[in-house]
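# how would this look folded up:
(2 chains)
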Amino acid sequence: MTDVLIVGAGLTGLFASLLVAERGNAVTLVAQGRGGLELSHGCIDIWGRATPSRALSQLRKSHPYRLAGTAALHAALEFFEEITQQAEYPFPGSISRNLHLPTALGAIHPTALAPQSLAQGDLFDGTPFTLAGIDNLLDFYPQLAASNLRRAGIAVQSVLELPIPMDDTHHDFYTSDLAHFFDKPNWREEVARVWKPQLIGIKRLGLPAVLGLRDPQHVLEDLQERLGLTLFEIPTLPPSLPGLRLEVILRRRALNTGVHFIEGPRVVGRIDGGSDGRRVSGVVLQTVGGPRVYTADVVILATGGILNGGLVFQQDGRVQESVFDLPVNYDQGRGYWTTTSPIDSQPYSGYGLLVNDLMQPLDDKGAPIFENLYVAGGLLGGADRTMEGSRQGIDLATAYRAVEVALG
Amino acid sequence: MNPPLFTTDLCLKCNICTAACPVAAVTDLFPGPKFVGPQAERYRHPRLPMPDVSVDWCSGCGTCSRVCPHGVAVAEINILAKERLAKERHTPLRDRLIAHPELLGRIASPIAPVANTSIHLRPARWLLEKTIGISRRAPIPTFTRIPLRKRFHDRCLDTPLDIKHDLGHTVAFFHGCSSNYYEPELGEQTIAILEQLGYEVVIPPQICCGLPLQSNGLFDAARRHAQANITWLAPFAKQGIPIVGTSTSCTLMLKYDYRTILGIRGEDVETIATSTYDFFEFLTGFMKDEIKRIKFNSLHARALYHPPCKLRNHGIGAPALSILRRIPELQLHLSESECCGAGGTYGMKLEKFPVAYEVGQSLFNQIRQLELDFVICDSETCRWWIAKHTGLPVYHPLEIMARAMDIQCNLLP
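Purely as a prediction, here's the structure:
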């Protein structure tokens, strides 16, 4: 049995922890708070711009997909599908053909796999659709989404604002508030009664993603039946329910598989081991009481990139890896980090750690720094995830590869 | 350590705390930790009255701070705001009363049989509810006739200087109010386990950690308690004697709240913070090999383990799990809920009880569906609360450990 310590509890860290634990090993998952998934759209983007399966073989050798290998991506997706099926939150879609889903701003989001409630919003599905906002929810503007979609040539049948069956509310709602309401059957019954008269003639209705947190698939099916139409959800500003649901599913499974979660503290140090100091034998956590040492046979870094705290961009122009201060591949000088146009590919997007095909971080001479330290997910350099539409695919594939190598 | 109010600017308004908050999930009276915390803080003028009082619905579980990926001390900001609110309003007699578990214990324990009978009588509970607003549906613990300190007076030490034994094998036990006045068996088992593992257990002088006072906005009194404990415990900590506690909220006070919430400074409080350990954190951290060698007896039972919020807030995970999982035939389920709802004294308050109970629903439902023999939880107020609302016995994990080690406690003089 191998003792594995994973830093980071986003998609990469949670997924890696499951892979390790389900092979019978001990896993400690350390994370400073929650993040990643709760800010995401909750879909699995693999390659946005073309047919994913074809594009991947033509990438640079240093791209995380090439390093992890196609086999790792396929195996990871298979395991992901098993997890979501078992949790009764299925993800239709495939690696060979993207779905095209509307965003809250009315842009078109190509993605490989999406939860059913989102996948039903495929813009090229052929069924006409209406977009609706919900009273007291300030984070979704159906008019804005519809006008942008129409500008892109997508027909939107109509736009509605739907009321909620509540006379007296104490404040405006977050998506999470509404999701808790939709988890309750009597709320859904009430909603259906109030909404139904307004939905005559509508076959497909797009709502902000608020349809339940605990058992979303059931909420979707139940509400569709009550309203007599097809519903689809559009992810919103955080808390983003589809991301949150995926986190709940992964976290629950990890807990039940024996993953030990340590939530809260920062990793502030590394204990080097081995006769030549080329092994990581543990980490130091800054707990509320004081520093505590946790030992491990293997350490996997899944702290994410600039958005998630794995990389820190300093004012003086340095880019640092936040946990162990490992060497980062980046352009010296802040002037090089961005381009003049905000909608072009930004150089900083590709900054990150350089690794070999065993997912071991490399020093400036190209040699692995530690024998038992692996990196996966957003911390890896060599990919512009935003422009490529590759974020979650890279997370899953590299997590799979790192675990596969680490466990031998 | 960043003073809590300085962290408001770190908030990105990502709402991760709002989504995780167990109270916001069940009532719209509470607009969520981000709203009443880093957001509302900007509108709180130091010399003007509080513009919004919804922070009063915060149960103080601390989930928000723990889940924040950006280092915002959300719960800390909120507890400081609650103190201001308590100062502006008149603190009700009820809050002053339930904030003093130690004083209540000292008064009631000599007359425990009478006190226990009368306080649990229905008319008495009805009267408490009607007169001062303590919900009659909230659990009230039972006083013991002989407090732990009396049972173990030979181990009670004023200073560590008297210790003639090996320092590396001495532990100072911070029992807190509950192990002293309400559940002395727990204290007995703690001592028995540590002694069986080769440790000398001493009991330093101590007073209630002050958390119930702090939670009810009585910061001045809480500081007096903290100062007393610091004076008493510092000599032990400074000699390198670990301070071990089984009550997760008391140990969190020693580790964190004294410095961060009550703002106490100095070498003493720092040394105490780094020398304080949760019981299982201590066992798994200091006695890894000894623990590995223990052969646990089988315990044929179905149980659910609920790590309480205050333990989770230590940032050490749930160290008891690694021991519970080694007990043969113990079928262990894990809580899927963030919080049981009790919130220390929160759930005792008549107006808060419905919210607290609603927070607990998801846990109670999970417990009911699993058809368990018992529940396991490290925090006393959570144990009493879960037991009251599920009808099942709820044990501290160390009680289960003691049972699997065949430790008999019959140390009453």
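# How many residues are close by residue 137?
Going with chain A. Neighbour count of A:L137, defined by other C-beta atoms under 10 Å in any protein chain shown: 21. Just so you know, the C-beta spots here come from the backbone N, C-alpha and C atoms, and that holds for glycine as well.
# should've been chain B
Using other C-beta under 10 Å, B:R137 has 15 neighbouring residues.
# Quick check: chain neighbours aside, which residue is closest to it?
Leaving out its chain neighbours, the residue that sits closest to B:R137 by C-beta to C-beta, 6 or more residues apart in numbering or on different chains is B:F353, at 6.1 Å.
# what's the distance between that neighbour and B:W385?
According to C-beta to C-beta, to the nearest Å, B:F353 stands 11 Å off from B:W385.
# Now that A:N25 has come up, it's in contact with A:I6, right?
No - A:N25 is beyond contact range of A:I6, at 11.0 Å (criterion: C-beta atoms under 8 Å).
# Compare those two (neighbour count), which wins?
A:I6 (31 against 19).
# Doesn't that one lie inside a strand?
Yes - with DSSP: H, G, I helix; E, B strand; the rest coil as the criterion, A:I6 is part of a strand.
# Contacts only, for it.
A:G13, A:A16, A:S17, A:V20, A:V27, A:T28, A:L29, A:V30, A:V299, A:I300, A:A302 (C-beta atoms under 8 Å, 6 or more residues apart in numbering or on different chains).
# Format those as JSON lines; extra columns: distance to B:Y43 and neighbour count.
Output for these, formatted as JSON lines (distance: C-beta to C-beta, whole Å; neighbours: other C-beta atoms under 10 Å in any protein chain shown):
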{"residue": "A:G13", "distance to B:Y43": "37", "neighbour count": "31"}
{"residue": "A:A16", "distance to B:Y43": "42", "neighbour count": "31"}
{"residue": "A:S17", "distance to B:Y43": "41", "neighbour count": "33"}
{"residue": "A:V20", "distance to B:Y43": "46", "neighbour count": "28"}
{"residue": "A:V27", "distance to B:Y43": "44", "neighbour count": "28"}
{"residue": "A:T28", "distance to B:Y43": "41", "neighbour count": "22"}
{"residue": "A:L29", "distance to B:Y43": "37", "neighbour count": "28"}
{"residue": "A:V30", "distance to B:Y43": "36", "neighbour count": "26"}
{"residue": "A:V299", "distance to B:Y43": "44", "neighbour count": "29"}
{"residue": "A:I300", "distance to B:Y43": "43", "neighbour count": "29"}
{"residue": "A:A302", "distance to B:Y43": "38", "neighbour count": "31"}
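# If we only consider these, which is nearest to B:G315?
Closest approach between the contacts of A:I6 and B:G315, by C-beta to C-beta: A:V30, at 9.2 Å.
# Where does the closest one sit: helix, strand or coil?
At A:V30, secondary structure determined by three-state DSSP is strand.
# rewinding a little: make CSV from the contacts of A:I6 and add pLDDT, secondary structure and distance to A:L160 to it.
Output for the contacts of A:I6, formatted as CSV (pLDDT from 0 to 100; DSSP: H, G, I helix; E, B strand; the rest coil; distance: C-beta to C-beta, whole Å):
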residue, pLDDT, secondary structure, distance to A:L160
A:G13, 98, helix, 40
A:A16, 98, helix, 42
A:S17, 98, helix, 42
A:V20, 98, helix, 47
A:V27, 97, strand, 47
A:T28, 97, strand, 49
A:L29, 97, strand, 43
A:V30, 97, strand, 45
A:V299, 98, strand, 51
A:I300, 98, strand, 47
A:A302, 98, coil, 41
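# filter those down to the ones near chain B?
Contacts with chain B within the contacts of A:I6, counted by C-beta under 8 Å from any C-beta of the partner chain: A:T28.
# just curious, which of the contacts of A:I6 is nearest to chain B?
Nearest to chain B out of the contacts of A:I6 is A:T28 (C-beta to the nearest C-beta; 7.2 Å).
# from what I can see that closest one touches A:Y294, true?
Yes - contact status for A:T28 versus A:Y294: in contact at 6.2 Å, counting by C-beta under 8 Å.
# what do those two both touch?
In contact with both A:T28 and A:Y294: A:L5, A:I262, using C-beta under 8 Å, 6+ apart.
# re the thing from before, between the contacts of A:I6, which sits nearest B:P319?
Here the nearest of the contacts of A:I6 to B:P319, counting by C-beta to C-beta, is A:T28; it sits at 10.7 Å.
# So A:F313 versus chain B, what's the distance?
The spacing between A:F313 and chain B, counted by C-beta to the nearest C-beta, to the nearest Å, is 15 Å.
# my guess is that residue contacts A:S322, does it?
No - using C-beta under 8 Å, A:F313 is not in contact with A:S322, being 10.6 Å away.
# neighbour-wise, which of these two wins?
A direct count of neighbours by other C-beta under 10 Å for A:F313 and A:S322 places A:S322 higher, at 19 against 15.
# and that one, what pLDDT?
Per-residue pLDDT puts A:S322 at 95.
# Tell me how the chain divides into domains.
Defaulting to chain A. Segmentation of chain A into domains, based on automatic domain parsing, reads A:3-89+A:244-406, A:104-234.
# not quite, I wanted chain B
B:4-88, B:93-132, B:148-286, B:292-404.
# now these as JSON lines including mean neighbour count and mean pLDDT?
Below are those laid out as JSON lines (neighbours: other C-beta atoms under 10 Å in any protein chain shown; pLDDT from 0 to 100):
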{"stretch": "domain B:4-88", "mean neighbour count": "21", "mean pLDDT": "94"}
{"stretch": "domain B:93-132", "mean neighbour count": "16", "mean pLDDT": "91"}
{"stretch": "domain B:148-286", "mean neighbour count": "21", "mean pLDDT": "93"}
{"stretch": "domain B:292-404", "mean neighbour count": "21", "mean pLDDT": "97"}
